[in-house]
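>>> sequence plus predicted model, see below.
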Amino acid sequence: MKQIIPLFLLLVLCGACPKEDGESNPQTTALAVSNVLVSDIGNAGNASDLEIRFNKTEIESVVEHYLIVINNKDIKARITLEEALVAPFFETIPKTGSDIVHRLSADTKDFQGEVIKEAIRYDLYVIPVVKENSDGFVSGLSTGVEIILSQQDNSVQTIATGFRASGGIAIDAEDRIYIGDFGDGNTDGDQILRFQPDGSQMEVFAESILGATGGAFDSKGNLFWSGYSENMVHKISTEGEVEDFASVSGPVAIKIDAEDQLFVCACNDNTIKRITPDGGVSTFARSNLFNCANGLAFDAAGNLFVSNFDDGRVMKVDKEGNVSLFADVPGQNSVNLAFHNDHLYVTARAIHRIYRISVSDGSVELYTGSKLGHVDGSLMAAQFVLPNGIAVNQMGTHLLINDVSNSNTISFHPNILRQVKILE
């Protein structure tokens, strides 16, 4: 959890102090800053995550600059003013504005000379350095602000960039990742790209699938993929050889059951088609609730869930093909679905977020995504641009999601691949 630690530093007044010759000094004032706030706002896992804010001293004219000194409390319980003023490692802050905001550097060192690390207790001191010949004023040592640098949160990570594949995602038995290229919004794509589980070694696995949308593997390792713009479901061998398999009007997502039957979203006629292993096509479900049926997922009980491209509704289809409204996801554009451990994960493309739906009761919650952008990190801080395809890896530890690498939402290219941790 990110920490925000407010502290009010005391203005310490030193009374009349005797000189060495026994005479009294005039009263001197030890200057201190106030309202120190330390915020852990980054995700780099180093001191650059820390932002320091404070109010300057009331008598700024006698201050030369400010020092930040950080002490490792596990090594030294506290430091004195004299030690702080001669600390070998510190950061200097110039006087700017009415309040000061300062971001530490990644290589900031503590009082002992070690780079600031995660999960260690430190005290942070802000010290005004008084100009020479400023009679009546001295530097004051504040009470230390305890800080503990949060461990880096890699719940959302970018694992591949700079490719053209805006369609759906499928995962094979070896956890390799396949992404179709639907196109850029104006021109159809026709390739399926393959990545290793860590996002490396991108290669073209198959071509000539016009408007490549969604796909799935059967029990024999054959890959089936929808060519939306040619109204065709293709069968692709383990070597990447493509053949026409079945004609469907506007095919999108594909899911395959234990008997190797294909279930395909037919966006253009608002049906779900069932295709037998030998290519026979029939209508499995039809409903006015479908509005360009786009995403599919089976739950553990064999129920089929369908998401619409043109609104936020998610429908449940039982084994007999009966359709009922199950949930409504914000954004009016619930593109694709994935199932894992009693939850559906939905890409809400239009609002750049991913939602999670409980299969038990249909409750909907935001899972990840904060706003339009490309930011990795924690689930709530991460940002997406038009997230589309979604799939679960074989271990059930991560979602794989493709989105767009910049915020120019006019085009669906270029694309990036994100790995999102699944929290149970």
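Sure, I can see it.
>>> could you pull out the helices in the protein for me?
Assigned by DSSP state H, the helices in the chain fall at 81-85.
>>> centre-most residue in it?
Nearest to the geometric centre of the chain sits Ala382, at 2.9 Å (Cα atoms, centre = their mean).
>>> skipping adjacent residues, who's closest to it in space?
Val156 (3.8 Å; Cβ to Cβ, 6 or more residues apart in numbering). Just so you know, the C-beta spots here come from the backbone N, C-alpha and C atoms, and that holds for glycine as well.
>>> identify the bridge partners of the nearest residue to Val63 once chain neighbours are set aside.
Setting aside the residues directly before and after it, Val63 is nearest to Pro128 in space (Cβ to Cβ, 6+ apart), at 4.7 Å. Beta-bridge partners for Pro128, by DSSP bridges, are Tyr66.
>>> show me where the stretch 101-250 of the chain has strands.
Counting by DSSP state E, counting those that start in this stretch, the stretch 101-250 of the chain has strands at residues 121-130, 137-139, 145-148, 156-163, 169-171, 177-180, 192-195, 203-206, 212-217, 223-227, 232-236, 242-247.
>>> pick the most buried one from those strands.
Across those, the average number of neighbours (mean count of other Cβ atoms under 10 Å) peaks for strand 177-180, which reaches a mean of 28.
>>> could you measure from the residue nearest to Met315 when sequence neighbours are not counted over to Ser200?
Closest residue to Met315 apart from its sequence neighbours, by Cβ to Cβ, 6+ apart: Val306 at 4.6 Å. As judged by Cβ to Cβ, to the nearest Å, Val306 and Ser200 stand 34 Å apart.
>>> where do the strands sit along the stretch 301-424 of the chain?
So, for the stretch 301-424 of the chain - with DSSP E, counting those that start in this stretch - the strands run 304-308, 313-317, 323-328, 334-340, 343-348, 353-358, 364-368, 390-392, 398-404, 415-421.
>>> now the angle from the fifth one to strand 323-328?
Relative orientation of strand 343-348 versus strand 323-328 (axes from the mean of the first three to the mean of the last three Cα atoms, to 10 degrees): 70 degrees.
>>> what strands line up against strand 343-348, and which way round?
Here, using DSSP bridges, strand 343-348 pairs with strand 334-340 (antiparallel), strand 353-358 (antiparallel).
>>> who's Asp158 bridged to?
No Asp there; residue 158 is Thr. The partner residues for Thr158, given DSSP bridges, come to Arg418.
>>> and it, what does it touch?
His374, Asp376, Ile416, Leu417, Arg418, Gln419 (Cβ atoms under 8 Å, 6 or more residues apart in numbering).
>>> buried ones from those residues, can you make that a ChimeraX selection?
Here is the ChimeraX selection string for the buried members of the contacts of Thr158, based on 16 or more other Cβ atoms under 10 Å:
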select :374,376,416,417,418,419
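>>> relative to Thr347, which of the contacts of Thr158 is nearest.
Nearest to Thr347 among the contacts of Thr158: Arg418, at 10.8 Å, using Cβ to Cβ.
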